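[1] Sequence first, predicted coordinates after that:
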Amino acid sequence: MTLPSRLAALAAPLLLLPGCDLVVLNPSGDVARQQADLVLWSTGLMLLIIVPVMALTLLFAWRYRASNADAEYKPDWDHSTGLELVIWSAPLLIIIALGALTWVGTHTLDPYRPIGRIASGRAVPAGQRPLEVQVVSLDWKWLFIYPEQGIATVNELVLPVDRQVRFRLTSSYVMNTFYVPTMAGMIYTMPGMETKLHAVMNRPGRFEGFSAHYSGAGFSDMRFPVLATDAAGFDRWAAMVKDGGGRGQGALQAARYLQLEKPSEKVPAMRFASVERGLFDRVVQMCVQPGQPCMGHAMARDMAHPGSHAPVNDRPAQPGEAKGALLKDPDEKGSAPHISAPSGQGEGKSGKGTRANRDMTAVDPRSTPIIPGAALAALG
């Protein structure tokens with residue numbers, strides 16, 4: 001292959017880039033737009049150093065090449081005040097600018113903070129209540145609860161345009177990450193905890209959301225469509241779900257939720273015409289199972305009755321009570337039958353990859369009971 005042909009083959013993917021939808025840099029929500037601007041400004045500030053350094057590297061390599069006899073030669077040169085000022089002042093000013101930009105952007109785009117505007121130059125309308133959407137990451141699907149509308153969906157998120165949305169997020173079992181690139185940055189979901197995200201969609205359309213944190217076998221299919229529509233369209237959709245239309249699943253009660261909680265992959269979109277009141281809070285408190293006490297109730301009970309809970313390791317032992325592990329002397333603690341070091345003498349570099357160097361949790365032979373041959377034969 002000739003050199004021009006090779007260059008054409010290398011340039012072909014670059015020619016296709018204008019047709020790509022770089023959703024992170026071309027978002028549909030104001031929060032994501034501000035985040036994209038932050039990325040662009042930060043990149044531009046850093047390029048103020050990167051581009052001149054790369055250009056000067058090429059310039060110096062060409063100007064002071066061995067074959068250039070006209071280049072100025074100063075073997076005793078060791079200092080230039082002007083050059084020192086440029087080398088230190090320019091990066092320092094850029095770091096100060098980046099720090100100020102990051103500080104302002106971090107506080108302005110705090111996901112827990114309600115948004116201050118719908119779009120650039122458009123404040124949040126006075127009296128507009130944010131739409132609340134409760135999000136639960138399941139194995140391996142997403143549950144969305146709309147408490148104001150009294151409905152719920154699985155793997156389908158519909159939002160009204162130009163209305164602030166307040167997401168309350170948690171997880172049923174495994175930590176995950178909720179991410180709709182066109183709307184806002186990613187936010188974690190964790191079992192037994194609640195996180196928040198405030199965002200808005202400014203442009204109608206169909207977009208994609210997904211899990212951005214590996215959580216097991218079905219992680220790749222934890223994707224869901226995000227439909228942004230006007231207020232009237234959202235109201236019509238909510239009314240249709242309320243009436244049980246289109247993939248209707250009836251009511252989402254605790255028993256049905258426990259079925260959804262079981263691991264499943266490639267789950268199609270589902271809609272629930274009603275939701276048991278307080279279900280999301282019970283998911284956060286990890287007490288959806290019948291008879292399971294909620295964490296808040298258990299903590300309140302322990303605070304009201306300090307002596308009713310199990311002993312704490314660092315509390316002084318009461319008469320007749322076992323001493324906590326933190327208060328035991330080293331010779332009282334004993335040791336487990338495993339050792340966290342190579343079994344036997346390590347071979348070092350010459351024996352790299354040997355079992356002695358790889359097995360860091362080997363059973364300590366000194367603590368392994370020796371089974372008599374007769375007993376071993378009887379076991380066999």
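    Cool, got the structure. Numbers count the residues shown, from 1 in each chain.
[2] I'd like to know how many residues surround R122.
    If you count neighbours by other Cβ atoms under 10 Å, R122 ends up with 12. Just so you know, the C-beta spots here come from the backbone N, C-alpha and C atoms, and that holds for glycine as well.
[3] Who is it paired with across the strands?
    A119 (DSSP bridges).
[4] what's the pLDDT at it?
    pLDDT recorded at R122 is 88.
[5] Check L169 too.
    What the model reports for L169 is a pLDDT of 96.
[6] Surely it touches A199?
    No: using Cβ atoms under 8 Å as the test, L169 is too far from A199 to be in contact (11.8 Å).
[7] On the three-state scheme, V158 is what?
    strand (DSSP: H, G, I helix; E, B strand; the rest coil).
[8] That one touches L227, doesn't it?
    Yes: the pair V158 / L227 is scored as a contact, 4.7 Å apart, by Cβ under 8 Å.
[9] Pull up the overlap in contacts between those two.
    Overlap of the contact sets of V158 and L227 (by Cβ atoms under 8 Å, 6 or more residues apart in numbering) consists of W237.
[10] These two - which one has more neighbours?
    V158 (20 against 16).
[11] residues touching that one, list them.
    Contacts of V158 by Cβ under 8 Å, 6+ apart are 226-229, 234, 237-238.
[12] so which of those residues is the most crowded?
    A228 (25 neighbours).
[13] all helices for the stretch 101-250 of the chain, in order.
    231-242 (DSSP state H, counting those that start in this stretch).
[14] quick one: low-confidence ranges for it?
    When residues are selected by pLDDT under 70, those of the stretch 101-250 of the chain lie in 245-248.
[15] tell me, how many neighbours does L98 end up with?
    For L98, using other Cβ under 10 Å, the count is 14.
[16] How about Y112?
    Y112 has 10 neighbours, counted by other Cβ under 10 Å.
[17] likewise C287?
    That count, for C287 with other Cβ under 10 Å as the rule, works out to 18.
[18] how far away is it from M295?
    C287 sits 7 Å away from M295, going by Cβ to Cβ, to the nearest Å.
[19] do N176 as well
    For N176 relative to M295 (Cβ to Cβ), the value is 20 Å.
[20] who's more crowded, the two?
    Taking other Cβ under 10 Å, N176 and M295 do not tie; N176 has more neighbours (31 against 13).
[21] Identify the residue nearest the more buried one in space, chain neighbours excluded?
    In space, N176 comes closest to S137 once its chain neighbours are excluded; the distance is 3.8 Å by Cβ to Cβ, 6 or more residues apart in numbering.
[22] go on, S211?
    Using Cβ to Cβ, 6+ apart and skipping residues adjacent in sequence, the residue nearest S211 is M222, 3.7 Å away.
[23] ok, that neighbour - contacts?
    With Cβ under 8 Å, 6+ apart, M222 has these contacts: 137, 140-142, 176, 210-211, 215.
[24] what's the first-to-last distance across stretch 262-272?
    Start and end residues of stretch 262-272 are separated by 18 Å (Cα to Cα, to the nearest Å).
[25] For that stretch, which outside residues touch it?
    Outside stretch 262-272, the residues that touch it by Cβ under 8 Å, 6+ apart are 139-141, 151-156, 216-218, 221, 224-225, 241, 244, 246-252, 256.
[26] let's go with 7 Å and repeat that
    Residues outside stretch 262-272 that contact it (Cβ atoms under 7 Å, 6 or more residues apart in numbering): 139-141, 151-156, 217-218, 221, 241, 246-252.
[27] Show me the residues you listed that map onto strands.
    Counting by DSSP state E, the part of the contacts of stretch 262-272 found in strands is 141, 151-154, 251-252.
[28] For these, name the two members farthest from one another.
    Greatest spatial distance among the ones in strands among the contacts of stretch 262-272 (Cβ to Cβ): K141 and A251, at 18.3 Å.
[29] Many thanks, we can stop here.
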